[in-house]
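Asks: dropping the sequence and predicted coords here.
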Amino acid sequence: MFGRKFVPLSKKALVSGQPAMFPVYDKNGQLLLKKGELLNEFCIKSLNENQELFTLLQDFRTATSQSNEREKDAAYHLPSPQKRLTSVENLLTEVYQSPTHSSSLSKLLAVTSRLKMICEKSPDASIAKIILDDNKNYTVRHAIHTAILSCLTALHLEWEEEDIRAIISAALTMNLSLGFMQDALVDQQEPLSQEQQEKIKQHPEESAKLLRHMGVKNPLWIDCVLKHHECLDGSGYPNAISNDQMPSAAIIISLSDIYCAKVSGRGYRHPIFANIAAKDIYLVENQLSRGTLIEVFVKLLGLYPPGCFVRLASDEVGVVVKRGERVDSPVVQLLNWKDKENFISTTLRDTAQRSFSVKTIIPPQQVVTAMDYDLIWKN
């Protein structure tokens, strides 16, 4: 190949919806794809028609090195899951502030990669973030919360890498066209105006348009954004589609969206306890024939997910730090009480034991605590 050093390229390195990390050549040294060009299904199919694909050795080394550094920075350089999730929140906020900026797509893809790695490495800490977050920066935080649950569900179901990334990206951008409208709605006491209702009804299609404008080609990503408010009984919007048109990924995002909204609360209502939210979803959504996905979703979270404050049968109070083998038996770290204030102790309780079983969830506002998220979920 004209004296240049080429290396064989695995076809798995070509991911739909993402820019090419390096130029792609055929066995004769003919350039098939430029570095940075956005890949789509048609493009990948065309490339795969070649028996062998190659890239320049130096380009491959550079791309691999840069990728490794980005992943290491995202997953390991920051000291705790809390700080890693904060970095994700800051980056996604930039995207929502300027969705049409030329850098927004690359930022979105970086957020997707970082969030996936955090969920893989620290699943319980990720769930605790959902339960413990307040309503500040609601728009971005709700998108991240929904993406966390969608990612954990897809990981549990052992989906392909490309589909996991697509469902995370879709959850992060499902409300992109609304901008920060949700931040205002969190505290709004009066009914939605006609203008607000119209904007909400149109946001799946408008968000999909924005994503296409940004250069997103992944069909599952776009499809999930379009259908995350559709319902299996045809009562959803914007197109009231039927059961067989709902992809599993869109259903998972819908379930995650509903659950996160319930446990977060609004200005006009308090958050719903996590166990009640899970039971509501199980009872109501099961009537819409979501079946196995509902069971997986509820089992994955448990009735008392990490971040919940609970009172035990022993009358001790603590915070759930880890899910257990059963949905009703998490691991709880106790609170120590002193002078009407409390702090986290190092004592753990396995609530699978009857004497330490969970008796009830306690509202966070009743627990005045010096609890440090970073000290509980360190990794």
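Replies: In hand now; what should we look at?
Asks: and the pLDDT at residue 193?
Replies: At residue 193, the pLDDT value in this model is 82.
Asks: and the next helix or strand past the helix or strand hosting residue 220?
Replies: Using DSSP states H and E, residue 220 falls within helix 219-227. Once the chain leaves helix 219-227, the next helix or strand it forms, by DSSP H and E, is helix 248-264.
Asks: summarise which helices and strands that following helix is packed against.
Replies: On a contact count with 3 or more Cβ pairs under 8 Å, 6 or more residues apart in numbering; DSSP states H and E, helix 248-264 meets helix 123-132, helix 138-156, helix 161-173, helix 219-227, helix 274-280, helix 291-301. Backbone N, C-alpha and C define where each C-beta goes, glycine included.
Asks: thinking again about what came up before, export the helix holding residue 220 to CSV, keeping only CA atoms.
Replies: C-alpha atoms of helix 219-227 as CSV (Å, rounded to 0.1, in the frame of the first residue of the first chain):
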residue,chain,number,x,y,z
PRO,A,219,-32.0,5.0,14.1
LEU,A,220,-32.7,3.6,17.5
TRP,A,221,-31.6,6.8,19.2
ILE,A,222,-34.0,8.9,17.1
ASP,A,223,-36.8,6.3,17.3
CYS,A,224,-36.7,6.3,21.1
VAL,A,225,-36.8,10.1,21.3
LEU,A,226,-39.8,10.1,19.0
LYS,A,227,-41.7,7.4,21.0
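Asks: residue numbering should commence at 25 henceforth.
Replies: Taking 25 as the first residue, the last one we looked at is helix 243-251.
Asks: surely residue 240 is in contact with residue 250?
Replies: No - using Cβ atoms under 8 Å as the test, residue 240 is too far from residue 250 to be in contact (12.0 Å).
Asks: looking at these two, which is more packed in?
Replies: The residue with more neighbours, out of residue 240 and residue 250, is residue 240; 24 against 21, by other Cβ atoms under 10 Å.
Asks: and the more buried one, that one's in a strand?
Replies: No - if the criterion is DSSP: H, G, I helix; E, B strand; the rest coil, then residue 240 is coil and not within a strand.
Asks: now it: how far from residue 328?
Replies: 37 Å (Cβ to Cβ, to the nearest Å).
Asks: what about residue 182, which SS state?
Replies: Quick answer, by three-state DSSP: residue 182 is coil.
Asks: that one: how many residues sit nearby?
Replies: 7.
Asks: again, but for the one 10 residues further on
Replies: Using other Cβ under 10 Å, the number of residues around residue 192 comes to 28.
Asks: which residues does it contact?
Replies: Contact analysis of residue 192 by Cβ atoms under 8 Å, 6 or more residues apart in numbering lists 136, 139, 140, 171, 174, 175, 178.
Asks: neighbour-wise, which of these leads?
Replies: residue 174 leads these on contacts (other Cβ under 10 Å) with 33 neighbours.
Asks: is it true that it touches residue 277?
Replies: Yes - the criterion here is Cβ under 8 Å, and residue 174 meets it with residue 277 at 5.2 Å.
Asks: intersection of neighbour lists for these two?
Replies: Among the neighbours of residue 174, those also in contact with residue 277 (Cβ under 8 Å, 6+ apart) are 191, 194, 195.
Asks: mind checking how far the first one is from residue 166?
Replies: Same thing as residue 191. 16 Å.
Asks: more neighbours: these two, which one.
Replies: More crowded of residue 191 and residue 166, by other Cβ under 10 Å: residue 191, with 28 against 23.
Asks: ok, longest strand in this protein?
Replies: strand 365-374 (DSSP state E).
Asks: and for the following helix or strand past that strand, what's in contact with it?
Replies: Following strand 365-374 in sequence order, the next helix or strand is strand 382-386 (DSSP H and E). Strand 382-386 is contacted from outside by 297-299, 327-328, 332-337, 339, 341, 352-354, 356, 375, using Cβ under 8 Å, 6+ apart.
Asks: try stretch 172-190
Replies: Under Cβ under 8 Å, 6+ apart, the answer for stretch 172-190 is 39-41, 136-137, 139-140, 143-144, 147, 150-151, 153-154, 191-192, 194-195, 242, 244-245, 248, 273, 276-277, 279-280, 283-284, 317, 320-321, 324-325.
Asks: which of these are buried?
Replies: 39-41, 136-137, 139-140, 143, 147, 150-151, 153-154, 191-192, 194-195, 242, 244-245, 248, 273, 276-277, 279-280, 283-284, 317, 321, 324-325 (16 or more other Cβ atoms under 10 Å).
Asks: show me how the protein divides into domains.
Replies: Following automatic domain parsing, one finds the domains of the chain at 30-88, 103-325, 333-400.
Asks: tell me the most buried of the ones you listed?
Replies: Highest mean neighbour count of the domains of the chain: domain 103-325, a mean of 19 (counted as mean count of other Cβ atoms under 10 Å).
Asks: centre of the chain versus it, how much separation?
Replies: 7 Å (Cα atoms, centre = their mean, to the nearest Å).
Asks: quote the end-to-end distance of it.
Replies: 25 Å (Cα to Cα, to the nearest Å).
Asks: likewise for stretch 229-247?
Replies: Span of stretch 229-247 from end to end, Cα to Cα: 10 Å.
Asks: kindly report the same for stretch 330-346.
Replies: End residues of stretch 330-346 are separated by 6 Å (Cα to Cα).
Asks: show me how far that stretch is from its chain's centre.
Replies: So, by Cα atoms, centre = their mean, the centroid of stretch 330-346 is 25 Å from its chain's centroid.
Asks: give me the contact list for that stretch.
Replies: Counting by Cβ under 8 Å, 6+ apart, 148-149, 151-156, 297-298, 328-329, 347, 354-359, 366, 368, 372-373, 375, 378-388, 390-391, 395, 400-401 sit against stretch 330-346.
Asks: average pLDDT for that stretch, rounded please.
Replies: Stretch 330-346 shows an average pLDDT of 95 in the prediction.
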